[in-house]
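In: give me the fold of what follows.
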Amino acid sequence: MMDYTSAAYNSTGSGAYPSAATGDPAASSASAEGAHAASGGDLNSAGQEGQISALSGGSTDENATAAGNTAAGYNSSLNGNVVNEAGNAAKMADFIPQEIILQILHRLPIKTLVKCTLVCKSWQSLITGSDFINSHLAKTLCKPITSQPLLTRHFTESPNKEHYILHLNRESLDIYQTLKSPLKPRTDDAYPRIVGTLHGLICLSDDLFGYTNRIVLWNPSVRRYVELPTPNITFREIGPYYFTLGFGLDAKKNDYKVVRLAYAEGSNYSDVYPPYVEVFSVEEKGWRMISGEGLECSFSERWWSQFFLNGRVYWIAYEKKMGRDAENLVLSFDMEDEKFEKMMLPESLVDVNPTGLFISLTKGMLRVYEYYVGEANNRCVNVWVRTEYGDLKSWSKLYSIDLLGGRQRVLGLTEKDEVFVAKPEGRMRDSYADLLLYDPKSGQTKLVQPHGIIDTFSVADYTASLVFLNKESGATSYDGAKIERKQKYVNPESGEGTSNLVLEEDRSIIR
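Out: Below you'll find the predicted structure:
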């Protein structure tokens with residue numbers, strides 16, 4: 001299987017896929033025009049302006065035109081009859097080289113590609129194949145991060161509802177799409193933890209309100225998810241405990257993994273070392289225990305944070321030392337060799353309360369946010385960055401941010417170093433907040449999402465992908481995920497009209 005990381009760095013972006021060697025200059029020119037039209041982002045526009053039928057070298061054949069319209073995601077009427085899209089798509093392979101079809105499909109958005117799997121069996125097999133899924137993701141990862149949306153989440157009590165929203169990654173932060181999670185907490189007033197996001201997958205854990213043992217890997221782009229089986233270590237086996245999760249990719253095996261560290265509760269509520277460590281593999285479809293020998297790090301039970309970078313998961317942890325209460329550090333886990341490694345923090349962060357430290361990834365670099373109380377009794381945040389792995393001297397403090405008092409939470413930074421903060425609304429219930437984008441340079445703020453429980457706000461980069469669309473992933477569809485299309489027809493008695501036709505539920509795509 002393809003290594004995502006290698007693909008992301010080895011692909012040259014647009015035009016990285018091979019062109020058809022047809023030997024026909026007209027066809028070559030037409031393929032370039034069609035590829036350019038198809039890369040515009042608006043698929044209806046691409047179909048109408050580029051008329052993908054031009055890929056046949058300017059042919060006026062009606063079947064070619066119909067096939068081009070099908071590829072672009074809309075329907076047309078020929079000689080007063082309903083177009084048989086599947087038949088025309090099948091015929092398209094007779095006069096359009098496979099390489100050009102691939103170039104077109106690689107430029108289509110996810111939603112359109114999912115619809116294209118229903119056109120004919122050959123397209124279904126192609127689009128849901130691991131090679132296509134991997135190469136489509138590699139091409140996406142070569143694009144600027146600002147071309148991908150931002151994901152926000154918050155929870156409201158009136159009504160009790162989770163809100164997952166994709167925003168355009170632009171100055172306006174306009175809402176692009178609302179999402180519905182497949183993970184239903186056991187009570188209406190509960191919500192899951194967002195462990196992390198990677199390659200279109202969102203890892204959710206329902207661990208904030210008791211022992212449910214429910215963890216989900218969810219791809220909202222294709223409306224499919226994998227619910228992990230019950231872990232080996234639960235309350236039944238070891239009694240009271242807490243656990244920490246890490247989510248990432250084993251690039252060597254092209255396998256998404258979740259690592260789980262479970263700490264049994266000892267006397268005086270202290271952690272028992274070493275923790276129980278187990279790894280879930282999507283490829284293996286199960287948990288297996290690995291050694292945690294020598295690991296004597298603990299985590300802030302409720303407030304731990306993690307992120308994935310270059311094959312490793314990172315957390316803020318602390319380790320008890322002789323002569324001092326605890327020593328903060330960064331703990332990492334390599335998803336390939338499944339080994340842990342410790343990394344020192346700047347000296348000024350070693351002795352602070354670990355609940356005041358938050359780890360994140362911005363601009364491809366590890367960042368640590370340190371909450372503290374300033375001179376005017378305001379809550380502030382120091383932003384630290386590490387530029388080189390393993391080099392303690394590479395830590396530097398970028399700047400401090402005055403949060404202007406209150407119980408504000410920093411959720412992340414933009415490429416322009418603007419800050420996402422959850423700021424209390426100032427009402428009697430301090431737990432409610434608004435999500436704001438704050439510019440420390442100008443002091444200006446922009447409302448992103450209003451009125452949610454402060455601890456439920458989350459902001460993350462999101463990369464749309466086809467991951468989990470293949471049958472081998474074992475993923476399940478949810479809520480039917482019906483795919484509809486409008487068909488044009490001519491009724492001899494009533495004239496032209498349209499009808500909505502439910503093609504199939506998307507679970508039928510990967511049977």
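In: so what's Val272 up against?
Out: By Cβ atoms under 8 Å, 6 or more residues apart in numbering, the contact set of Val272 is Tyr263, Ala264, Glu265, Gly266. The way it works is simple: take the backbone N, C-alpha and C, and place the C-beta from them, glycine included.
In: which of these are buried?
Out: Neighbour counting by 16 or more other Cβ atoms under 10 Å classes Tyr263, Ala264 among those as buried.
In: among the contacts of Val272, name the least confidently predicted one.
Out: Note: of the contacts of Val272, the lowest pLDDT belongs to Gly266, at 80.
In: could I get the pLDDT score of the nearest residue to that one once chain neighbours are set aside?
Out: Among residues not flanking Gly266 along the chain, Val272 sits closest, at 4.4 Å (Cβ to Cβ, 6 or more residues apart in numbering). pLDDT recorded at Val272 is 81.
In: next: the one 4 residues further on.
Out: Looking at Tyr276, its pLDDT reads 95.
In: and if you look at the one 5 residues further on?
Out: Ser281 is assigned a predicted lDDT (pLDDT) of 97.
In: who's in contact with the residue nearest the centre of the chain?
Out: In the chain, the residue lying closest to the centroid (Cα atoms, centre = their mean) is Gly200, at 3.2 Å. Gly200 makes contact with Leu137, Asn219, Ser221, Tyr462, Thr463, Ala464, Ser465, Leu466, Val467 under the criterion Cβ under 8 Å, 6+ apart.
In: repeat that for Pro192.
Out: With Cβ under 8 Å, 6+ apart, Pro192 has these contacts: Ser181, Leu183, Pro185, Leu204, Ser205, Asp206, Asp207, Leu208, Arg214, Val216.
In: tabulate those residues in TSV, adding columns for pLDDT, secondary structure and distance to Lys111.
Out: Formatted as TSV, those follow (pLDDT from 0 to 100; DSSP: H, G, I helix; E, B strand; the rest coil; distance: Cβ to Cβ, whole Å):
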residue	pLDDT	secondary structure	distance to Lys111
Ser181	91	coil	18
Leu183	87	coil	22
Pro185	74	coil	28
Leu204	95	strand	22
Ser205	93	strand	27
Asp206	89	coil	28
Asp207	83	coil	32
Leu208	82	coil	32
Arg214	91	coil	28
Val216	95	strand	22
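In: could you give the number of residues near Leu208?
Out: The number of residues packed near Leu208 is 14, by other Cβ atoms under 10 Å.
In: I'd say it and Tyr191 touch.
Out: Yes. With contact defined as Cβ atoms under 8 Å, Leu208 reaches Tyr191; the gap is 7.1 Å.
In: hey, C-alpha coordinates of the helix or strand hosting Tyr263 in CSV?
Out: Using DSSP states H and E, Tyr263 sits within strand 255-264. Taking C-alpha atoms only, strand 255-264 is exported to CSV below (Å, rounded to 0.1, in the frame of the first residue of the first chain):
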residue,chain,number,x,y,z
ASP,A,255,-2.7,1.6,8.9
TYR,A,256,-4.6,3.9,11.2
LYS,A,257,-4.0,3.2,14.9
VAL,A,258,-5.3,4.2,18.4
VAL,A,259,-3.0,3.7,21.4
ARG,A,260,-4.6,3.5,24.8
LEU,A,261,-2.8,3.9,28.2
ALA,A,262,-4.9,2.7,31.2
TYR,A,263,-3.9,3.6,34.7
ALA,A,264,-5.4,1.5,37.6
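In: pull up the pairing partners for the following helix or strand past it, direction included.
Out: Where DSSP H and E defines the elements, the next helix or strand beyond strand 255-264 is strand 276-281. Looking at strand 276-281 with DSSP bridges, its partner strands are strand 255-264 (antiparallel), strand 286-290 (antiparallel).
In: rewinding a little: ok, the residue nearest to Gly266 to Tyr372 distance?
Out: 32 Å (Cβ to Cβ, to the nearest Å).
In: how about stretch 277-294, which residues are buried there?
Out: Val277, Glu278, Val279, Phe280, Ser281, Val282, Trp287, Gly292.
In: meant to ask about stretch 292-312
Out: Within stretch 292-312, the residues scored as buried using 16+ other Cβ under 10 Å are 292, 295, 297-300, 304-308, 311-312.
In: can you check stretch 171-179 too?
Out: Judged by neighbour count using 16+ other Cβ under 10 Å, the buried positions of stretch 171-179 are Leu173, Leu179.
In: check stretch 372-388 too.
Out: By neighbour count with 16+ other Cβ under 10 Å, stretch 372-388 contains the buried residues Arg379, Cys380, Val381, Asn382, Val383, Trp384, Arg386.
In: restricted to strands, list those.
Out: If you go by DSSP state E, the buried residues of stretch 372-388 have Arg379, Cys380, Val381, Asn382, Val383, Trp384, Arg386 in strands.
In: so the second one bridges to which residues?
Out: Read it as Cys380. What pairs with Cys380, by the bridge criterion (DSSP bridges), is Tyr372, Asp402.
In: go ahead and confirm it touches Tyr399.
Out: No. Cys380 lies out of contact with Tyr399 (Cβ under 8 Å); the separation is 10.5 Å.
In: what segments of this protein are helices?
Out: Ranges of helices in the chain, per DSSP state H, are 4-10, 25-38, 43-45, 62-72, 85-92, 98-106, 110-116, 121-127, 130-141, 235-238, 347-350.
In: OK, contacts around His136?
Out: By Cβ under 8 Å, 6+ apart, the contact list for His136 reads Leu105, His106, Leu113, Ser465, Leu466.
In: most neighbours among those residues, which one?
Out: The most crowded member of the contacts of His136, judged by other Cβ under 10 Å, is Leu466 (27 neighbours).
In: and the residue nearest to Gly266, how far is that from Lys446?
Out: For Val272, the distance to Lys446 - Cβ to Cβ - is 47 Å.
In: for Trp218, same thing?
Out: Taking Cβ to Cβ, one finds Trp218 at 28 Å from Lys446.
In: beta partners for the closest residue to Thr178 other than its chain neighbours?
Out: Spatial nearest neighbour of Thr178, excluding adjacent residues (Cβ to Cβ, 6+ apart): Ile165 at 5.5 Å. Beta-bridge partners of Ile165, counted by DSSP bridges, are Thr152, Thr178.
In: quick one, what contacts Ile165?
Out: Neighbouring residues of Ile165 by Cβ under 8 Å, 6+ apart: Leu151, Thr152, Arg153, Ile175, Gln177, Thr178, Leu179, Gln449.
In: ok, the nearest residue to the fifth one once chain neighbours are set aside - how many residues close by?
Out: Spatial nearest neighbour of Gln177, excluding adjacent residues (Cβ to Cβ, 6+ apart): Leu166 at 4.4 Å. Here the number of neighbours of Leu166 (other Cβ under 10 Å) works out to 19.
In: would you confirm that Leu166 contacts Leu151?
Out: Yes. In this structure, Leu166 is within contact of Leu151 by Cβ under 8 Å, at 5.9 Å.
In: can you list residues touching both of the two?
Out: Tyr462.
In: what distance do you get for the closest residue to Asp255 other than its chain neighbours to Met335?
Out: Once flanking residues are discounted, Asp255 sits nearest to Glu283: 4.2 Å by Cβ to Cβ, 6+ apart. Distance of Glu283 to Met335, computed by Cβ to Cβ: 12 Å.
In: for the stretch 351-500 of the chain, what spans make up the strands?
Out: Under the criterion DSSP state E, counting those that start in this stretch, the stretch 351-500 of the chain carries strands at the ranges 357-362, 365-373, 379-386, 395-402, 409-413, 419-424, 432-438, 445-453, 458-461, 476-477, 482-491, 495-505.
In: select, out of these, the one closest to Asn232.
Out: Across those, Asn232 has its closest neighbour in strand 476-477 (22.4 Å, Cβ to Cβ).
In: parallel or antiparallel, list what pairs with that closest one.
Out: Paired strands of strand 476-477, with direction, are strand 224-227 (antiparallel) (DSSP bridges).
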